[in-house]
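[1] Starting from these lines, generate the structure:
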Amino acid sequence: MSFAHRLLHRLIALVAIAVPLGVFAPAAQALPEDFGLPKFKYSEFYIPPSPLPAGKPGDILKAEKMDFSRAITKPPRGTEGWRVMYLSTSATGQPIAVTGTVLMRPNQAPKQGIENRPIVSYGNEAQGLGDNCAVSRLLWYGHTGEIALWADLIRAGYAVASTDYEGLGTPDVHTFGVAVSEGHAMLDIVRAARNLEAAKLPKNGPVGLFGYSQGGAAAGFAAEQAATYAPDVKITAASFGGAPVDPMSVAKAANGQFFSALMFGAAVGFDAAYPELDLDSFLNDKGAALKKKIYGSCIEMIFPMAFKKVEGYLKPGMNPLYDARWQKRFAENKLGQVAPQFPVNYYHATWDEAAPYRDAKTLRKQYCAGGTPLRFVEVIGLEHVSTGPVWMPQAAKWLAARFEGKVDKGNCGKNNIFGLPSDK
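    Okay, the predicted model is just below:
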């Protein structure tokens, strides 16, 4: 698939979401009761066993072969896929069941050979909090823009392991924005892919971390946690971008702006991950009603909730951003706490209105000071949404070069940090 087709694919996906929701309607339009979504019915696959069996993170609880015949967007011809449910770890250290997808072309040999097939743990962009929008479910019957880039990775002979993240697809509430949990899920799906007998993946082959936006934060936390949380998962390199580096900074920047829905979603996600935060105690009646709507919404909630200010949904004088409990949990989910000791490619748009660029510059300083071989790419002239489809293919080329053993010492000592990362 050419770059032009990839970009067109993403734009069509955005329009397909926007038009039914009336994105061009007046700003005063009321939120639709169900965001225009069908009522979700859990299939048996997505219901975890109760109680969870004893085991290790990455142990497979369920697995089934996927059928792409009803999907609108399909992977490349010859692709085989499996839905998996596997053990992982919550942000508070509790065992949880998470779902995801493993895709590959069994007969497509990568340059490294089938016996050394790389696994790319792919952090999906934000899907929202509705279980009907879990990527593993969308791949089964619907449409996901992620497939446009997955196709290139699959054609290269890689296995793509994509987590749905905690609580997305399964009955629990999705811990949207909680990067600690998302990082665990990204590392554990590599373990699950290796444990999937039908895939016949190498136990010690190359592993790459990849993601953008929410997936960028997930990949970043996976990179920072890998050495301590999953020392058996030897990371070759990580290539990610557009990450909400600092949840507090993102929340303040998003309030009343186009991406304000992500702030509301993250509030619900953090509340699900950390019960002591008690979001309900901050909400007025309007906020309580909105919280219920968010539970079933997908990423298209961005449009009807654009430019809303959080103060309209809170009790007078109460704001989680100024509560010590919330500030503590936000800080725990801030990137830059550990400098990865393997090659990292990170890209961020200077006009990013969803994840402030200043936070990306801080992350660069932290990684460089900690000895990360970092290639930092300053994307000039683009904003958050456009940077993904434009730069992710280049980020994938950079990762492929690392799989091939090419060395990149990064650009920490250089002032000019704008440039293509593709083959360096």
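[2] So for stretch 347-364, what gets flagged as buried?
    The neighbour-count check on stretch 347-364 (16 or more other C-beta atoms under 10 Å) flags 347-350, 352, 354-357, 359-364 as buried. Every residue, glycine included, has its C-beta placed from N, CA and C.
[3] er, stretch 312-326 actually
    So, applying 16+ other C-beta under 10 Å, buried residues of stretch 312-326: 313-314, 320-321, 326.
[4] out of those, who's nearest residue 187?
    Nearest to residue 187 among the buried residues of stretch 312-326 is residue 326, at 26.0 Å by C-beta to C-beta.
[5] Hmm, the closest one is touching residue 270, no?
    Yes: counting by C-beta atoms under 8 Å, residue 326 touches residue 270, with 7.1 Å between them.
[6] so what sits against both of those two?
    Here residue 326 and residue 270 have residue 277 as joint contacts, going by C-beta atoms under 8 Å, 6 or more residues apart in numbering.
[7] now the most centrally placed residue in the chain: how far from residue 165?
    Of all residues in the chain, the one closest to the mean position by C-alpha atoms, centre = their mean is residue 215, 2.4 Å from it. Separation of residue 215 from residue 165 (C-beta to C-beta, to the nearest Å): 9 Å.
[8] now swap in residue 130 and tell me
    Going from residue 130 to residue 165 by C-beta to C-beta gives 13 Å.
[9] higher neighbour count, the two?
    A count of neighbours by other C-beta atoms under 10 Å puts residue 165 above the other of residue 130 and residue 165, at 33 against 25.
[10] and that one, which of the three is it?
    Put simply, residue 165 is coil when judged by DSSP: H, G, I helix; E, B strand; the rest coil.
[11] remind me, longest helix of this structure?
    The residue-count maximum for a helix in the chain (DSSP state H) belongs to helix 384-403.
[12] Show me how far that one is from its chain's centre.
    Its chain's average C-alpha position is 15 Å from that of helix 384-403, according to C-alpha atoms, centre = their mean, to the nearest Å.
[13] for it, packing partners?
    Helices and strands touching helix 384-403, by 3 or more C-beta pairs under 8 Å, 6 or more residues apart in numbering; DSSP states H and E, are helix 3-18, helix 147-155, strand 207-212, strand 237-241, strand 344-349, strand 374-379.
[14] Need the mean per-residue confidence for that helix.
    Averaged over helix 384-403, pLDDT sits at 92.
[15] for it, which positions count as buried?
    For helix 384-403, a neighbour-count test (16+ other C-beta under 10 Å) marks 384-403 as buried.
[16] And stretch 53-68, by the same measure?
    57-63, 66, 68.
[17] wait, which of these is closest to residue 49?
    Closest approach between the buried residues of stretch 53-68 and residue 49, by C-beta to C-beta: residue 61, at 6.3 Å.
[18] Which residue, other than its chain neighbours, is closest to that closest one?
    Once flanking residues are discounted, residue 61 sits nearest to residue 85: 4.4 Å by C-beta to C-beta, 6 or more residues apart in numbering.
[19] Going by residue numbers, what spans are strands in the stretch 1-150 of the chain?
    Taking DSSP state E, counting those that start in this stretch to define them, one finds strands in the stretch 1-150 of the chain at 60-65, 80-89, 95-104, 119-123.
[20] Which of the ones you listed has the highest mean neighbour count?
    Burial of these is given as mean neighbour count (mean count of other C-beta atoms under 10 Å); strand 119-123 ranks first at a mean of 29.
[21] which outside residues touch that one?
    146, 150, 153, 158-163, 182, 186-187, 189-190, 193-194, 201, 205-212, 214-219, 222, 240, 399.
[22] ok and it relative to helix 147-155, angle-wise?
    Relative orientation of strand 119-123 and helix 147-155, computed by axes from the mean of the first three to the mean of the last three C-alpha atoms, to 10 degrees: 170 degrees.
[23] tilt between strand 119-123 and strand 207-212?
    Using the same axes, to 10 degrees, strand 119-123 lies at 20 degrees relative to strand 207-212.
[24] Report the angle between strand 119-123 and helix 384-403.
    Interaxial angle of strand 119-123 relative to helix 384-403 (the same axes, to 10 degrees): 160 degrees.
[25] pLDDT weak spots in the stretch 101-250 of the chain?
    By pLDDT under 70, the weakly predicted segments of the stretch 101-250 of the chain are 141-145.
[26] need the helices for it, in chain order.
    For the stretch 101-250 of the chain, helices defined by DSSP state H, counting those that start in this stretch occupy the ranges 135-141, 147-155, 179-195, 214-229, 247-254.
[27] any idea how far residue 196 is from residue 94?
    Residue 196 is 24 Å from residue 94, by C-beta to C-beta.
[28] which one of these two has more residues nearby?
    Per other C-beta under 10 Å, whichever of residue 196 and residue 94 has more neighbours is residue 196, with 19 against 9.
[29] tell me the contacts of the closest residue to residue 167 other than its chain neighbours?
    Leaving aside its sequence neighbours, residue 167 sits nearest to residue 174 (C-beta to C-beta, 6+ apart; 4.0 Å). Residues in contact with residue 174 (C-beta under 8 Å, 6+ apart) are 129, 131, 165-168, 269, 272.
[30] Now residue 174. Its backbone dihedrals?
    The phi and psi values for residue 174, taken as degrees, to the nearest 10, are phi -70, psi 130.
[31] ok, it to residue 96 distance?
    Per C-beta to C-beta, residue 174 is found 12 Å from residue 96.
[32] again with residue 270
    Distance, residue 270 to residue 96, by C-beta to C-beta: 16 Å.
[33] before we move on, what about residue 60?
    14 Å.
[34] which ones among the buried residues of stretch 347-364 are found in strands?
    Assigned to strands by DSSP state E, the following of these qualify: 347-349.
[35] possible to save the strands of the stretch 1-150 of the chain as TSV with distance to residue 53?
    Listed next are the strands of the stretch 1-150 of the chain as TSV, based on distance: least, C-beta to C-beta, whole Å:
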stretch	distance to residue 53
strand 60-65	7
strand 80-89	8
strand 95-104	9
strand 119-123	24
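[36] Okay then, goodbye and thanks.
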